[in-house]
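Undergrad: need the 3D shape of this:
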Amino acid sequence: MYIDENEVLRYLGVNPKLANFKLRAYVKDGIEEILKVAYPKYMYTLLDIDTIVEKILLKGTNVYLEGNSIKKHLKDCFKCALMGVTLGPLVDRKIEYYKSWDLTRSFVLDACGTALVERVCDEVQHKIQYIANEKYKLNITSRYSPGYGDLPLSIQPKLLKLLEGDRIGLTVTEQMIMIPRKSVTAIIGLKEDLESFNISCENCSQVDECIYKKG
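TA: Down below sits the predicted model:
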């Protein structure tokens with residue numbers, strides 16, 4: 001496993017070029033600490049989709065994806081992949097442990113956890129891209145998570161049920177908070193396109209939600 005130090009700094013809202021030695025040392029220690037307790041797990045499944053009026057139907061289920069943002073994201077897609085990733089409960093415990101007496105370290109560990117879970121998501125996305133290319137001769141969109149745009153968080157329990165998220169210890173509370181906290185669910189569209197999709201700011205649909213953009 002690997003955590004990019006500069007990515008951690010960005011999640012902390014710090015320009016890597018401006019980070020001082022003390023902060024970088026804090027980040028390096030945080031990375032080592034998180035890597036000792038993180039046990040990433042993931043699941044994904046591919047489903048056919050169909051547009052029913054203003055909703056996206058996941059065929060073979062009774063689950064609809066609602067909202068204009070996900071409809072736009074999956075435009076011209078034949079299939080979609082649902083994915084779930086978690087770092088496990090020990091990461092959450094480590095972050096909580098420091099909250100009462102070293103809040104700075106807790107913030108740093110939280111950013112380290114975020115950087116790691118996003119890196120694992122990238123790896124899973126590349127696996128999905130490989131399957132899309134090799135098996136279906138399709139390409140993929142970027143990933144899109146509940147809570148982005150007008151895709152409601154209330155869809156989380158249904159997505160986790162389809163993913164059998166409990167098999168990797170991933171659940172959701174009544175308040176739609178995922179447990180463990182350092183977890184992600186996302187939807188990726190599979191579509192016919194002349195050019196392969198590459199993860200970049202230019203083809204990302206998460207403009208309003210991106211903390212880098214806000215920074």
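
Undergrad: pull the contacting residues for the spatially most central residue of the chain.
TA: Central residue check for the chain by CA atoms, centre = their mean: the C-alpha nearest the mean position is that of Val184, 4.1 Å away. If you count contacts by CB atoms under 8 Å, 6 or more residues apart in numbering, Val184 has them with 83-86, 117-118, 121, 145, 178. The C-beta positions use only the backbone N, C-alpha and C, and glycine is treated the same way.

Undergrad: at 7 Å instead, please
TA: Val184 makes contacts with 85, 117, 121, 145, as judged by CB atoms under 7 Å, 6 or more residues apart in numbering.

Undergrad: ok, longest strand in this structure?
TA: In terms of residue count, the longest strand belonging to the chain (DSSP state E) is strand 41-52.

Undergrad: so which other helices or strands are in contact with that strand?
TA: Counting contacts by 3 or more CB pairs under 7 Å, 6 or more residues apart in numbering; DSSP states H and E, strand 41-52 packs against strand 55-58, strand 77-86, helix 103-136, helix 156-163.

Undergrad: please state the offset of that strand from the chain centre?
TA: 15 Å (CA atoms, centre = their mean, to the nearest Å).

Undergrad: do stretch 103-115 as well
TA: Computed by CA atoms, centre = their mean, the chain-centroid distance of stretch 103-115 equals 17 Å.

Undergrad: so for that stretch, mean pLDDT?
TA: In this model, stretch 103-115 carries a mean pLDDT of 97.

Undergrad: could you pull out the buried residues of that stretch?
TA: Across stretch 103-115, burial judged by 16 or more other CB atoms under 10 Å covers 105-115.

Undergrad: export these to CSV and tack on distance to Ile155?
TA: Shown next, in CSV, are those (distance: CB to CB, whole Å):
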residue, distance to Ile155
Arg105, 34
Ser106, 30
Phe107, 29
Val108, 32
Leu109, 29
Asp110, 25
Ala111, 27
Cys112, 28
Gly113, 24
Thr114, 22
Ala115, 26
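
Undergrad: in the chain, what helix or strand scores lowest on average pLDDT?
TA: helix 211-214 (a mean of 46; mean pLDDT, DSSP states H and E).

Undergrad: for Pro40, find the nearest of the helices and strands packed on strand 41-52.
TA: Nearest of the helices and strands packed on strand 41-52 to Pro40, taken as CB to CB: helix 103-136 at 4.6 Å.

Undergrad: circling back: neighbouring strands for the longest strand of the chain, and are they parallel or not?
TA: strand 55-58 (antiparallel), strand 77-86 (antiparallel) (DSSP bridges).

Undergrad: which SS class is Ala186?
TA: Here Ala186 is strand, with the state taken from DSSP: H, G, I helix; E, B strand; the rest coil.

Undergrad: which non-adjacent residue is nearest it?
TA: Using CB to CB, 6 or more residues apart in numbering and skipping the chain neighbours, the partner closest in space to Ala186 is Arg143 (3.7 Å).

Undergrad: of all the contacts of Val184, which comes closest to Lys94?
TA: Using CB to CB, Val117 is the member of those that lies nearest Lys94, at 13.8 Å.

Undergrad: I figured the closest one was touching Met83, is that so?
TA: No: with contacts counted by CB atoms under 7 Å, Val117 stays clear of Met83, the gap being 11.7 Å.

Undergrad: how far away is Leu57 from Ile34?
TA: As defined by CB to CB, to the nearest Å, Leu57 lies at a distance of 39 Å from Ile34.
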